[in-house]
Every structure is written in C-alpha cells, then in structure tokens.
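Enquirer: sequence first, predicted model second:
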Amino acid sequence: MINEIVGMVLICVGITFDFFGVLGLIRLPDVYNRLQAATKCVTFGSAGILLGVLIIHGFSDLGIKALLGIFFIFLTSPVAAHAIARASHRSKIKLCDETIIDRYQEDNELLDKGVDMTSVEETNN
Amino acid sequence: MSIKWRSRLTVYILSLLIWFALTDIKKFEEVAAGIVISFLVSLIAGHMLVTTEKSKSPIMRFKSAVIYLFKFLWEMIKANIHVAYIVLHPNLPIKPGIVKIKTRLTKDIAITVLTNSITLTPGTLTIDVDKQAGEIYIHWIDTFTIDTDQATKEIGGKFEKNLVEVFE
C-alpha cells in the first residue's frame, strides 16, 4: 500500500518535470537554450516515472527493466544533447540575441585560419 | 592475460548480465542468443572499456564513486528546480553564453563522465571537448562570469576532485 502511494507520488513528480521540460522547449528562444530544458527536465522526469514504476512493482521483471531504463537514460541523454548542440553550432545556427559571449566561435575561427595557413604552406613547398 | 582481453572479458560479463536482466531467463533460446550476442559485442567493442592498469585500491575508488553519485544527484535536483523556475518565470530571466573551462582529467572515460555531469547540472550544456588542450566548451543559460578560471571553479570544480580520485 505504502509502496503504491510513494510510487504514484514519484510518477506525478516525474510528469510535472516532463511538463516543465516541454514548456521550456516552447518558451525558450534558441536551440541551445531549448536543449537545456529538454535534457535536464526530461531526463529527471522520465527517471522519476521509471523510479515510481520500480517502487510499485519491486525488483520483479518490470522493476529491473525500469532500473536499467534509468541507467541508460542517464548515460545517453547528455550525449545526444551534446551531439545536437555541436552539430547546430557547426552548421552555423545563430545563438539568440540575449547571448553575451561565444568563446567556441572565437576559438573555431582561429582554428580555421590555422588550417588554412598550413595548407597554403604545403602547396608552396 | 593482456589488458585488451581482460577488457573484453569484462564487457562480455556485463553485457550478458544486462541481457539476462532484460529478457526471460527461463527460456533456452533467450539465454543462447544472449551468449552469442554478448560474445559479438565484446569482440567488436570490448577493448575500449579498460585501457590502463589501476593503481589505487578498488575500495577507495568505490567510496569516491559513491560520494560522487550523491553529489551529482543533489546537483541534478537543483538543476531541475532552476530550469523549472526559468521556464515558469514570465520574463524568462536568461543570460546565455558559451564559455570555456579547463580540466585536469586526461582519460576518455573520466572526461565523458565529467561532461555528462555538466550537462545534467544547473544551466550548463557541454558543446565540445578539446582533449589536447584540456578544454571544454559549455553553453551556460545564466552566464555568471566570462573568465575561464572562474568558470572552471564554478562549473567543473565540484566534480573534478572526486573524478580524479575515481578514475586517475
């Protein structure tokens, strides 16, 4: 009985954070800020739902699968966010107007120039 | 046994255990398929897990890992409340920017865990890693400082000490 109550509370908390994540996905201005909402809230929310399932069902077939689900969400969700953010930046998707600094852009421009210089030298030789 | 094959053996046992957790262990077909597939997985990708000999005792490393895990969970709960606050605030109080932090970690697995933790903690998202220079580029939703050293202390400092104890 107490298991079910705790599990249901966890599932409700999970759904609430999933909702915040979706709200952030709509409200925030650019792809990078949206990824912040999408990774944090949705990871935590989904983990909360799965944890609720684990507590309701105990360490049965279903519970162990839920536990593995939490583990793999924690491993894969940040990696996916990183891949999307890096790909967006590389394909020159603009950051929103409120952005105050972009060190990645600065350093990448330097890097591009460096590559050009070496290729020029090679052709000269 | 060379380190490569020890790594493969570790991967084989781990993937077999995960397979048994996901499938019905009472059926013969499931177990047979698990043995074959785990073997293939460990043959193809097994050499990547363990790459160096460990010098410290496993008990100390395990202790550091548990401390790290609890620290990380607490930071993660804070992260979620922070994002929920930003999203629910009528004016969206954000000040985004991409900053650079430095890291002392050198091993692939340690850097992976650090960057994953950074992504899941308050307002920060890892964009790219420069392994040679030991630098990580981070999108910060609420840029507190643009100075590299201060940002390092603010973002990576919490986790780095524990991760050095666990992995290096």
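Expert: It's in.

Enquirer: for chain A, what's its nearest residue on chain B.
Expert: Per C-beta to the nearest C-beta, residue B:119 is where chain B lies closest to chain A, at 3.6 Å. No exception for glycine: its C-beta is placed from N, CA and C like everyone else's.

Enquirer: doesn't that residue lie inside a strand?
Expert: No - Residue B:119: not assigned to a strand; according to DSSP: H, G, I helix; E, B strand; the rest coil it is helix.

Enquirer: so residue A:86 touches residue B:128, yeah?
Expert: Yes - using C-beta atoms under 8 Å as the test, residue A:86 is close enough to residue B:128 to be in contact (5.3 Å).

Enquirer: compare the two (neighbour count), which wins?
Expert: More crowded of residue A:86 and residue B:128, by other C-beta atoms under 10 Å in any protein chain shown: residue B:128, with 19 against 16.

Enquirer: so that one touches residue B:115, yeah?
Expert: No - contact criterion C-beta under 8 Å: residue B:128 and residue B:115 do not qualify, at 9.4 Å.

Enquirer: okay, and the common contacts of these two?
Expert: Common neighbours of residue B:128 and residue B:115, counting by C-beta atoms under 8 Å, 6 or more residues apart in numbering or on different chains, are A:82, B:136.

Enquirer: name the helices or strands packed onto the lowest-mean-pLDDT helix or strand in chain B?
Expert: Using mean pLDDT, DSSP states H and E, the weakest-scoring helix or strand in chain B turns out to be helix B:148-151, at a mean of 74. In terms of contacts (3 or more C-beta pairs under 8 Å, 6 or more residues apart in numbering or on different chains; DSSP states H and E), helix B:148-151 is packed against strand B:97-102.

Enquirer: quick one: is the strand it packs on near chain A?
Expert: Yes - contact of strand B:97-102 with chain A (C-beta under 8 Å from any C-beta of the partner chain) involves B:97-100.

Enquirer: now those in a markdown table, with pLDDT and distance to residue A:105?
Expert: Shown next, in a markdown table, are those (pLDDT from 0 to 100; distance: C-beta to C-beta, whole Å):
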| residue | pLDDT | distance to residue A:105 |
| --- | --- | --- |
| B:97 | 81 | 11 |
| B:98 | 82 | 7 |
| B:99 | 82 | 12 |
| B:100 | 82 | 11 |
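
Enquirer: dump the residues you listed to JSON lines, plus neighbour count.
Expert: Listed next are the residues of strand B:97-102 next to chain A as JSON lines, based on neighbours: other C-beta atoms under 10 Å in any protein chain shown:
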{"residue": "B:97", "neighbour count": "23"}
{"residue": "B:98", "neighbour count": "26"}
{"residue": "B:99", "neighbour count": "26"}
{"residue": "B:100", "neighbour count": "22"}
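
Enquirer: can you add distance to residue A:56 and give the residues you listed back as TSV?
Expert: Shown next, in TSV, are those (distance: C-beta to C-beta, whole Å):
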residue	distance to residue A:56
B:97	43
B:98	42
B:99	42
B:100	45
